[in-house]
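**Student:** okay, here's the prediction I keep looking at, along with the sequence it came from:
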There are 2 protein chains.
Amino acid sequence: MAPAPRVLLFDVFGTLVDWRSSLIELAEATAARGSVQADWPGIIDDWRRAYQPAMDQIRQGGPWRDLDSLQRETLTDVLARRDVRLPAAAADLLVQGWRQLRPWPDSRDGLERLRRRHVTATLSNGHLALLVDLLRFADLRVDAVLSAQLAASYKPEPTAYLTALGLLGCRPQDAGMVAAHGADLRAAAALGLRPIFIRRPLEWGPGVPAATAPALDGVLVADGLGDLADALGC
Amino acid sequence: MAPAPRVLLFDVFGTLVDWRSSLIELAEATAARGSVQADWPGIIDDWRRAYQPAMDQIRQGGPWRDLDSLQRETLTDVLARRDVRLPAAAADLLVQGWRQLRPWPDSRDGLERLRRRHVTATLSNGHLALLVDLLRFADLRVDAVLSAQLAASYKPEPTAYLTALGLLGCRPQDAGMVAAHGADLRAAAALGLRPIFIRRPLEWGPGVPAATAPALDGVLVADGLGDLADALGC
């Protein structure tokens, strides 16, 4: 096996935290207060699906905007498409809800164990202000909070990974990218980072087929961060 | 009293960690292995004094270089001026020594207490790669590791403070700058941050007159981070 990477970069939404159940719960509580009936699980899933296309305009060179701004726009679209009228204050609350996502049960302890022998950092498409609030909410500790924002870009653009590595003074071959998503890992692996796939079978809810590990050279696959810590001998 | 700031930015060298005694100890141990006799306390003090002028060329618009690069240059100058010949590997070790500075006794617990009610971040002239290693070495936890590097500048240039606040989504009036140095606090206060002066009477060693708190409107003065946590009700 290749030597364990010195630096581990972590995707956040879906990999460290459970966006779906957290946001559905928040949406249902918020809507209930305003007596708004709607298929909230369906809306949250649509909202999340609108996230990648929304970033494309920036990946293609448009002026950088943060996730609060993108998420507000896509939420407005999704609600309009489904003809759901939500007061502006309630929509604000949902956008802010991305700062209050529950960690997966193994995330906190797993990160603590992995920090013992690796430099750990987030590398998320969330912006720093959002990530700082989210990591405080979820009580997750990493050595550095890094974001594609620092490259004024979004993953999987290469500059997002290379900027983070540059700030950490780390060569690609000394780093691993930890994510529950193939596209993230394919982009990282193409730059020489080691791909580490975390199985999160509940990311899109129960009964939905789980994402499978991407077929990449040297990919490491783990069932959560505790399992990864075991595999890396932490 | 003004409301406590939501965000606290912390200077690092001298404010959170004791650079002087750590570096003298490292220099003496390194030199002893190579049988190099020299006035190491004097050399370390000269080295530290060379730090501000070295950053001036960058503050005045020169291409940004990190602290490793500046410190190597100034160390070479200081050793040459004193006619001390240190093998290159030993000089490397001293430059790397800025990643292994002991925290002041109150820094670790004080930061933990302050994190409970404030978003905490470093704002140092050290670059991120150095800060990450240093915070790991000293076991200091902050919510975000920020550096003047993210503005490709050095404190006390306004852009260093404003870039950090922008990344945290924080207005100047909602932040405090925590430092043991007047120049840092004067620059921060001029932008609207609350100046918080930490007394570190041993920064330059025993018997050296301690820096006094700058005369700034609303300045808060504390004897260490435990005292600051008390003052802010954490």
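**Tutor:** That came through, no problem.

**Student:** chain center to the strand or helix carrying residue A:178, what's the gap?
**Tutor:** If you go by DSSP states H and E, residue A:178 is part of strand A:175-179. The chain centre lies 12 Å from the centre of strand A:175-179; the measure is Cα atoms, centre = their mean, to the nearest Å.

**Student:** in that strand, what counts as buried?
**Tutor:** In terms of neighbour count (16 or more other Cβ atoms under 10 Å in any protein chain shown), strand A:175-179 has its buried residues at A:175-179. Backbone N, C-alpha and C define where each C-beta goes, glycine included.

**Student:** got the contact list for the helix or strand of chain A with the lowest mean pLDDT?
**Tutor:** Averaged element by element with mean pLDDT, DSSP states H and E, chain A has its least confident helix or strand at helix A:51-59 (a mean of 88). Helix A:51-59 is contacted by residues A:64-65, A:70-71, A:73-74, A:125, A:153-154, A:157 when judged by Cβ atoms under 8 Å, 6 or more residues apart in numbering or on different chains.

**Student:** can you check stretch A:19-37 too?
**Tutor:** By Cβ under 8 Å, 6+ apart, stretch A:19-37 touches A:13, A:38, A:40-41, A:43-45, A:47-48, A:84-87, A:90, A:93-94, A:97-98, A:100-102, A:202-205.

**Student:** quick check: buried residues in that stretch?
**Tutor:** Of all the residues in stretch A:19-37, those buried under the rule 16+ other Cβ under 10 Å are A:19-24, A:26-27, A:30-31, A:36.

**Student:** pLDDT at residue A:1, what is it?
**Tutor:** Among the per-residue scores, residue A:1 holds a pLDDT of 58.

**Student:** nearest to chain B among the buried residues of strand A:175-179?
**Tutor:** residue A:175 (12.5 Å; Cβ to the nearest Cβ).

**Student:** ok, and the closest non-adjacent residue to that closest one?
**Tutor:** residue A:7 (4.3 Å; Cβ to Cβ, 6 or more residues apart in numbering or on different chains).

**Student:** same thing with residue A:73?
**Tutor:** Nearest one to residue A:73, counting by Cβ to Cβ, 6+ apart, is residue A:54 at 6.7 Å.

**Student:** ok, the one you found - how many residues close by?
**Tutor:** By other Cβ atoms under 10 Å in any protein chain shown, 17 other residues sit near residue A:54.

**Student:** that one and residue B:131: what is the separation?
**Tutor:** 33 Å (Cβ to Cβ, to the nearest Å).

**Student:** residue A:59 now?
**Tutor:** 29 Å.

**Student:** neighbour count: those two, which is higher?
**Tutor:** residue B:131 (26 against 16).

**Student:** isn't the more buried one right next to residue B:122, touching?
**Tutor:** Yes: the criterion here is Cβ atoms under 8 Å, and residue B:131 meets it with residue B:122 at 5.8 Å.

**Student:** shared neighbours, these two?
**Tutor:** B:12, B:145, B:147.

**Student:** filter these to the buried ones?
**Tutor:** B:12, B:145, B:147.

**Student:** which of these are close to chain A?
**Tutor:** residue B:145 (Cβ under 8 Å from any Cβ of the partner chain).

**Student:** helices - which of the buried ones among the shared contacts of residue B:131 and residue B:122 land there?
**Tutor:** Using DSSP state H, no member of those falls in helices.

**Student:** residue B:222: which of the buried ones among the shared contacts of residue B:131 and residue B:122 is nearest?
**Tutor:** residue B:12 (16.5 Å; Cβ to Cβ).

**Student:** for that closest one, give me the pLDDT.
**Tutor:** Reading off the model, residue B:12 has pLDDT 98.

**Student:** for it, give me its contacts.
**Tutor:** Applying Cβ under 8 Å, 6+ apart, the residues near residue B:12 are B:122, B:124, B:126, B:131, B:134.

**Student:** chain A against chain B: which residues are in contact?
**Tutor:** When proximity is defined as Cβ under 8 Å from any Cβ, chain A approaches chain B at A:115, A:119, A:121, A:127-129, A:132-133, A:135-136, A:141, A:143-145, A:149-150, A:167-170.

**Student:** low-scoring stretches of chain A, by residue?
**Tutor:** Residues of chain A that meet the criterion pLDDT under 70 lie in A:1.
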